[in-house]
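Peer 1: need a 3D model of the sequence below.
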Amino acid sequence: MTELPLAGQRIDLSGGGTAWWPCHIGTDTTVGPSSSIGALAHVGQRVRIGQRCKIQGAAYIADDCQLEDDVFVGPSAVLLNDRFPPSNDRRKWKPIHVASGVVIGGNATVIAGCNLGQGSVLAAGAVLTKHLPANEVWAGNPARYLMSREAYEQAREDKA
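Peer 2: Numbering: from 1, shown residues only. Next up is the predicted model:
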C-alpha cells in the first residue's frame, strides 16, 4: 500500500486562501484571500469564493455557485445546482448565490436556485427550498423563519 499522510496537510492557494488536504477544488474556481477550505470538502468548477470565507470539512459546493465575502459553511453542508438531477445540461442548472456575511450550519442543504441574502443564517440540518431574505434566521425542513439576525446575535451573546 502506498504511504499516504493520514493527517491533513495545509496547502496555500494562489489567491491567498488555504485548503486542507484531502479536498477537491474544481477547475476555474477562485478562492479569495484569507479563506479556507476544510479537509474532505468538495468545491466544484467555476465556483467563486470571496474573502475571509470558511468552508468546513466535508462540505459540498456544486459547480458555478458564488459565495461573497465573510461566508461560513458548516461541516457537511450541501449547496446544489441541479433541481432535477441528473439533468446533464448546464443550461438547466440554477447555481446558488450566497451574499456576504451568511452563516450556513452543519448538515444544512440548499436546494438549487435558492439564494441566501446578506447576513442571513441557515440553521444546522435545515433544508432551504426557497430564497432566504437578508438578515433572517431560518431552520427546519423545509426551512422557515425562526428569528431576525439581530435576535440571533443577541442569543449568541447571552450564551457566552
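
Peer 1: now for this structure, the helix or strand with the poorest mean pLDDT.
Peer 2: Ranked by mean pLDDT, DSSP states H and E, the helix or strand of the chain with the weakest confidence is strand 9-12, at a mean of 90.

Peer 1: check which helices and strands that strand sits against.
Peer 2: On a contact count with 3 or more CB pairs under 8 Å, 6 or more residues apart in numbering; DSSP states H and E, strand 9-12 meets strand 18-21. To be clear about C-beta, it is placed using only N, CA and C from the backbone, and glycine gets the same treatment.

Peer 1: can I get the strand it packs on in PDB, CA atoms only?
Peer 2: Listed next in PDB are the C-alpha coordinates belonging to strand 18-21 (Å, rounded to 0.1, in the frame of the first residue of the first chain):
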ATOM      1  CA  THR A  18      -5.800  27.900   2.300                       C
ATOM      2  CA  ALA A  19      -7.100  24.400   1.800                       C
ATOM      3  CA  TRP A  20      -6.600  21.300   3.900                       C
ATOM      4  CA  TRP A  21      -5.700  18.100   2.000                       C
END
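
Peer 1: can you name every helix or strand that that strand contacts?
Peer 2: Packing partners of strand 18-21 (3+ CB pairs under 8 Å, 6+ apart): strand 9-12, strand 36-37.

Peer 1: what distance separates the shortest one from the centre of its chain?
Peer 2: Counting by CA atoms, centre = their mean, to the nearest Å, strand 36-37 is centred 11 Å from the centre of its parent chain.

Peer 1: that strand pairs with which strands?
Peer 2: Strand pairing for strand 36-37, determined by DSSP bridges: strand 18-21 (parallel), strand 54-55 (parallel).

Peer 1: what's in contact with the last one?
Peer 2: Strand 54-55 is touched from outside by 35, 36, 37, 38, 41, 43, 49, 61, 71, 72, 73, with contacts defined as CB atoms under 8 Å, 6 or more residues apart in numbering.

Peer 1: I'd like those as a markdown table, with distance to residue 102 appended.
Peer 2: Listed next are these as a markdown table, based on distance: CB to CB, whole Å:
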| residue | distance to residue 102 |
| --- | --- |
| 35 | 14 |
| 36 | 16 |
| 37 | 16 |
| 38 | 17 |
| 41 | 17 |
| 43 | 16 |
| 49 | 12 |
| 61 | 13 |
| 71 | 5 |
| 72 | 7 |
| 73 | 9 |
